[in-house]
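**Q** next come a sequence and a model predicted from it.
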Amino acid sequence: QVQLVESGGGLVQAGGSLRLSCAASERTFSRYAMGWFRQAPGKEREFVAAITRTGGITYYTDSVKGRFTISRDNAKNSVYLQMNSLEPEDTAVYYCAAGGGWSPKKKSDYDNWGQGTQVTVSS
């Protein structure tokens, strides 16, 4: 099991930016594909972005393409989500997750989850 701790959430006005970070406990961090998911009140947890073990390939849900960027630093056991041009619809608890990378857009691909960080975008 790898422990994941997210940080960087907060309250921001529409059009603003936030950078989420996720620190992993494992030295074997580079063996995991990493993903970001989010869950708004009353809604299911949904895929946001994912990145392969080496960082060579990234995936995004359509609603964040061009606004969000996922990246990782394997030397620091960390993954990041840069969020620009934030919209009120981006308001949710954001979770990072570590998994095998076989189906990076699916929750079932991930065995390890962080506790989440709240992102609130005001209009």
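**A** Yep, it's here. What you are looking at is a predicted structure, and each value in this text was computed from that prediction instead of being measured.
**Q** ranges for the strands of this protein?
**A** Along the chain, the segments classed as strands by DSSP state E run 4-7, 10-13, 18-24, 33-39, 46-51, 58-60, 68-73, 78-83, 92-99, 110-113, 117-122.
**Q** output the ones you listed in CSV; the columns should cover mean neighbour count and mean pLDDT.
**A** For every residue, glycine as well, the C-beta is placed using N, CA and C. CSV is the format used below for the strands of the chain (neighbours: other Cβ atoms under 10 Å; pLDDT from 0 to 100):
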stretch, mean neighbour count, mean pLDDT
strand 4-7, 18, 97
strand 10-13, 13, 98
strand 18-24, 20, 98
strand 33-39, 24, 98
strand 46-51, 22, 98
strand 58-60, 16, 98
strand 68-73, 18, 98
strand 78-83, 23, 98
strand 92-99, 24, 97
strand 110-113, 18, 95
strand 117-122, 17, 98
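**Q** who does Ser122 form a beta bridge with?
**A** Gln13 (DSSP bridges).
**Q** quick one: contacts for the spatially most central residue of the chain?
**A** Geometric centre of the chain, nearest residue: Trp36, 2.3 Å, by Cα atoms, centre = their mean. Contacts for Trp36 were tallied using Cβ atoms under 8 Å, 6 or more residues apart in numbering; they are 20, 22, 48-50, 70, 79, 81, 94-97.
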